[in-house]
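K.L.:
Got a sequence here, can you build the structure:
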Amino acid sequence: MAKQANTLFLEDWLRSNGGGGSGGGSIGNTGNAASPSSARAIIQAWAELRDCLQHQSFQPHHLQTLKTLLNSQASLHVADPQAKLLISILSSPDFCPPRESHPMFLRLLYVWVRKSFRPNPALVDSAVEVVCGIVVSARLDSDWGRLVFSEGVLVLGAFSAVPAASDASKVLCLESICRLLEQCGALMRLSEGVIASVLAGIGYALSCPVNVHYDKFVSFSLGVWGSEDGPESSIPNGLMILHLIEWVISGYINSHSFEKIRVFSQIALENSEEKYVPYALSMAAGGVLRASNRLASRGAGLEILRLRISAEDKMEYLASGLISRMGDPGNCLDYPMDRLLLQCLALSFARSGSLSSRAPFLICLVSALMSEIFPLRRLYAKILDSSLSSSARIRHNEVREHVESVLFKEGGAVTGIFCNIYASADEQNKALVENLFWRYCCDLYLSHRQVVLVLQGRDNNLLGDLEKIAESAFLMVVMYALAVTKQKLTPKHSKETQMGVSVQILIAFSCLEYFRHMRLAEYLDTVRAVLPSVQENESACVSFVESIPSYADLTVGQGSEYCWSTDDVQTARILFYLRVIPTCIERLLSPVFRKSVAPAMFLYMGHPNVKVARAAHSLFAAFVSSGIDSFEDQRASLKEQLVFYYMQRSLEAFPAITPFEGLASGVAAIVRHLPAGSPAIFYCIHSIAEKANKLCSVEFIQDGHMSMKWQGESEPCKNLLELLLRLLSLVDIQVLPDLMKLLAQLIVQLPKDGQNMVLNDLYAQLSQVGVISPRFLHQRENQQVGLLKPRDFKMLRAETRTREVDQSLKYRHRFFNR
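P.N.:
Numbers count the residues shown, from 1 in each chain. Okay, here's the model as predicted:
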């Protein structure tokens, strides 16, 4: 934001802060698309104006001369001699410049009075008389008349604030401005581009040390909006009001005009007059707070403190009235002016810098965030209610305009001030806001799933803009959740409260996981803060796990064409659960795992996304590897039961869907953590061997030369054989003979080169862990390449069995440390 000391042209500063662009309908603004004039052109223009005065004749080309000067307004300096030339042309009794040139003359005089350090007092008084004469005699019902109105208010306001002007000239300026506003305020509605100039003129007038018509200027700036003959009530106009009042109050504070501060507070804030528009009042109060906060470092006097209190009281009054019309907190407002007031209150809070914690502020901010800044629920409802209508383009325009609006872009600032006020709120209001947020997250998840199914492939542009809003809403939730952890996960709150908050945050994050597209430090800090509360408590873990959608909810959607594996919003949520549950698996009871986790886990093992399928396998491995709870027999029984379906589910989709890394982790967990000699382990290795046999047979039939394909790193047959080889070092002695027999049967079916490759891998692996004696290796190395003989495995089994009992633990330890 520009500071007041650097605000040369107030109207341009207001326009830039209001987000209103360059301000079409005004002349000479710094955002003009015309390129600046060269120094030579400027010199020539002044020479032509001197010729105009000398010859007492204003020719058509002199209009272009004025435009040449205005094109360089930002760099143009109008000295007293040039100002005298302009005044002489305007006041000449021998000729009269055309009416369309008057706004340009007024603008050049405005540049002079704003840029001149010490203008000549007599020249200023003379200019005031000339300008007042032009404004009073102008016909204001035409295009150039509207420009005379806005430029007249602007330049007269600037003259009234110049120290060089006499008191009589200042009074004349203020009276002329007041007369213009009373007679021609409706012109602001006809030409929105002049609003910034008129407000700037009023700002200059309010800065005038002469107190004439002060209350009328304040009343006009706060009461002209929204009426039939007044300018439009809108956020850009409201922001200009906010920064206008900021500029005025900053000037009072810098100049120690405490009497002006008292008068302004009494007129604008303490007297609740019906003629003041609430949305303008909210912005004016925000401007007061912004100015006082920005200058707080210079010392807060009693008048400034009173002013702040009055501004906050006014905002609380407006917020309380809005909440009473809202009904339940968080409800959408129907009346457009109420919605606008809510939006403006949120922006006013955000731009004020800091606020005291008051309950109406908190409720208004949370309502604005959910229903106005990130209004996804309202947009979703409109789309789902009329998804087949021909008005899709209109809805898309509405969404696009919101994404590009000032309100949406200020979402981060509004979230910041909301979190600050939340931190100081009482427990009752904190709980109220928390419930609103958690419900909001669940609503977004359910609605966005439906919207994606409706719009995907039909209107991807609309869907993309909706997801931009949703991604920002996710960031808002993350920032708020982090604030909640800092307030609730503290020793002053009970364990039950901490557990409840932690579970709700995790559930909310699961609902919005689809919108997380970047690595956020705040997100990670929040997850790290809440996980211990879930990991350390059985009931919290159960509450979180039981929030997983049921199998029916996962697989049954709207329409006959619904397919769970293409529902990306749902998949992202389940992926969140698949990643979080292993961290608290030790606290999860077997019945809960069977009922809530196992159905989703086995379903998503068949998901075509490798990342999702691998996470499901990792969760299975974590459960099989988990410690034994108080129901030892029940947990062990469930593990063995799940193995049979796990192997069936995994191998039927291998290699098309099931990732080998996921399968390997699950199998390793099975053979390591199930009881020795478990039927589930026998079933596991037999299933793998059977699948490997089928794959190898198919590959050999299709290619006939195994060695050419064996070099690939991702060949399914090779992967399964390598897995079986590694299991030799993992299985117990009861399972080992069966595994070796299955391996022998598989290897015998391979072609010669494939057999030798597998045997080399086998002998190398077993020699590394010391299972095979040097004598056996020497015999094998001297053997000619050929088919594997049964006696080879008899010798291998004999040597293995003599060493297995006393060295198995040592071998396994060395194998896993490799």
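
K.L.:
okay, CA-based contacts and neighbour counts for the rest of this
P.N.:
Will do.

K.L.:
Okay, now the unreliable bits of the stretch 651-800 of the chain?
P.N.:
698-714, 766, 768-800 (pLDDT under 70).

K.L.:
Could you report the neighbour count for the closest residue to Thr555 other than its chain neighbours?
P.N.:
For Thr555, ignoring the flanking residues on the chain, the nearest one in space by CA to CA, 6 or more residues apart in numbering is Trp564 at 5.3 Å. Neighbours of Trp564 under the rule other CA atoms under 10 Å: 17.

K.L.:
Not counting its neighbours along the chain, what's nearest Leu69?
P.N.:
Ile42 (6.0 Å).

K.L.:
how much space is there between that neighbour and Ala359?
P.N.:
Separation of Ile42 from Ala359 (CA to CA, to the nearest Å): 59 Å.

K.L.:
cool, Leu695 as well?
P.N.:
Remark: distance between Leu695 and Ala359 (CA to CA) = 68 Å.

K.L.:
so Ala164 makes contact with Arg118?
P.N.:
Yes. With contact defined as CA atoms under 8 Å, Ala164 counts as touching Arg118 (7.2 Å).

K.L.:
Pick out whichever of those two has more residues nearby.
P.N.:
Ranked by neighbour count (other CA under 10 Å), Ala164 and Arg118 place Ala164 first, with 20 against 12.

K.L.:
Give the closest residue to that one in space, chain neighbours not counted.
P.N.:
Here the residue nearest Ala164, using CA to CA, 6+ apart, is Pro121, at 4.9 Å.

K.L.:
And for the one you found, the neighbour number?
P.N.:
With other CA under 10 Å as criterion, Pro121 counts 14.

K.L.:
try Gln54
P.N.:
For Gln54, using other CA under 10 Å, the count is 10.

K.L.:
Within the helices and strands, which one has it?
P.N.:
According to DSSP states H and E, Gln54 maps onto helix 39-55.

K.L.:
Pull out the buried positions in that helix.
P.N.:
Buried residues in helix 39-55, counted by 16 or more other CA atoms under 10 Å: Ile42, Ala45, Trp46, Glu48, Leu49, Arg50, Cys52, Leu53.

K.L.:
May I see these organised as JSON lines, with pLDDT added?
P.N.:
Formatted as JSON lines, the buried residues of helix 39-55 follow (pLDDT from 0 to 100):
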{"residue": "Ile42", "pLDDT": "92"}
{"residue": "Ala45", "pLDDT": "92"}
{"residue": "Trp46", "pLDDT": "94"}
{"residue": "Glu48", "pLDDT": "93"}
{"residue": "Leu49", "pLDDT": "93"}
{"residue": "Arg50", "pLDDT": "94"}
{"residue": "Cys52", "pLDDT": "92"}
{"residue": "Leu53", "pLDDT": "89"}
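
K.L.:
of those, closest to Leu66?
P.N.:
Ala45 (7.3 Å; CA to CA).

K.L.:
can you pull the contacts of Ala350?
P.N.:
Residues counted as contacts of Ala350 (CA atoms under 8 Å, 6 or more residues apart in numbering) are Glu410, Ala413, Val414, Gly416, Ile417.

K.L.:
now with 6 Å?
P.N.:
Ala413, Val414, Ile417 (CA atoms under 6 Å, 6 or more residues apart in numbering).

K.L.:
tally of neighbours for the second one?
P.N.:
For Val414, the tally of surrounding residues (other CA under 10 Å) stands at 24.

K.L.:
got a pLDDT number for it?
P.N.:
Listed pLDDT for Val414 reads 97.

K.L.:
Not counting its neighbours along the chain, what's nearest it?
P.N.:
Ala350 (4.9 Å).

K.L.:
and the one you found, what pLDDT?
P.N.:
95.

K.L.:
For Val277, see how far away it is.
P.N.:
20 Å.

K.L.:
Distance from the chain centre to stretch 669-682, please.
P.N.:
How far stretch 669-682 lies from its chain's middle: 48 Å, per CA atoms, centre = their mean, to the nearest Å.

K.L.:
Check stretch 723-743 too.
P.N.:
Mean-position distance between stretch 723-743 and its chain equals 53 Å (CA atoms, centre = their mean).

K.L.:
And for stretch 545-558?
P.N.:
The answer for stretch 545-558 is 28 Å, by CA atoms, centre = their mean.

K.L.:
Alpha carbons only: can I get it in CSV?
P.N.:
Provided in CSV are the C-alpha atoms of stretch 545-558 (Å, rounded to 0.1, in the frame of the first residue of the first chain):
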residue,chain,number,x,y,z
VAL,A,545,-11.0,-45.2,11.7
GLU,A,546,-14.8,-45.5,11.9
SER,A,547,-15.1,-42.3,9.9
ILE,A,548,-13.9,-44.3,6.8
PRO,A,549,-16.8,-44.5,4.2
SER,A,550,-18.4,-47.9,4.2
TYR,A,551,-17.9,-50.4,1.4
ALA,A,552,-21.3,-49.6,0.1
ASP,A,553,-20.6,-45.9,0.1
LEU,A,554,-17.4,-46.5,-1.7
THR,A,555,-18.7,-48.6,-4.5
VAL,A,556,-22.2,-47.3,-5.1
GLY,A,557,-22.5,-43.8,-6.7
GLN,A,558,-25.0,-41.8,-8.6
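
K.L.:
Output the helix holding Gln54 in PDB, but only the C-alpha positions, please.
P.N.:
Coordinates of each C-alpha in helix 39-55 appear next as PDB, following Å, rounded to 0.1, in the frame of the first residue of the first chain:
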ATOM      1  CA  ALA A  39      10.000  16.500 -23.700                       C
ATOM      2  CA  ARG A  40      10.100  18.200 -27.100                       C
ATOM      3  CA  ALA A  41       6.300  17.600 -27.500                       C
ATOM      4  CA  ILE A  42       5.600  19.100 -24.100                       C
ATOM      5  CA  ILE A  43       7.700  22.200 -24.800                       C
ATOM      6  CA  GLN A  44       5.900  22.600 -28.100                       C
ATOM      7  CA  ALA A  45       2.500  22.200 -26.400                       C
ATOM      8  CA  TRP A  46       3.200  25.000 -23.900                       C
ATOM      9  CA  ALA A  47       4.400  27.200 -26.800                       C
ATOM     10  CA  GLU A  48       1.200  26.600 -28.700                       C
ATOM     11  CA  LEU A  49      -0.900  27.600 -25.600                       C
ATOM     12  CA  ARG A  50       1.100  30.800 -25.400                       C
ATOM     13  CA  ASP A  51       0.300  31.500 -29.000                       C
ATOM     14  CA  CYS A  52      -3.300  30.700 -28.300                       C
ATOM     15  CA  LEU A  53      -3.400  33.500 -25.600                       C
ATOM     16  CA  GLN A  54      -1.300  35.900 -27.600                       C
ATOM     17  CA  HIS A  55      -3.600  35.600 -30.700                       C
END
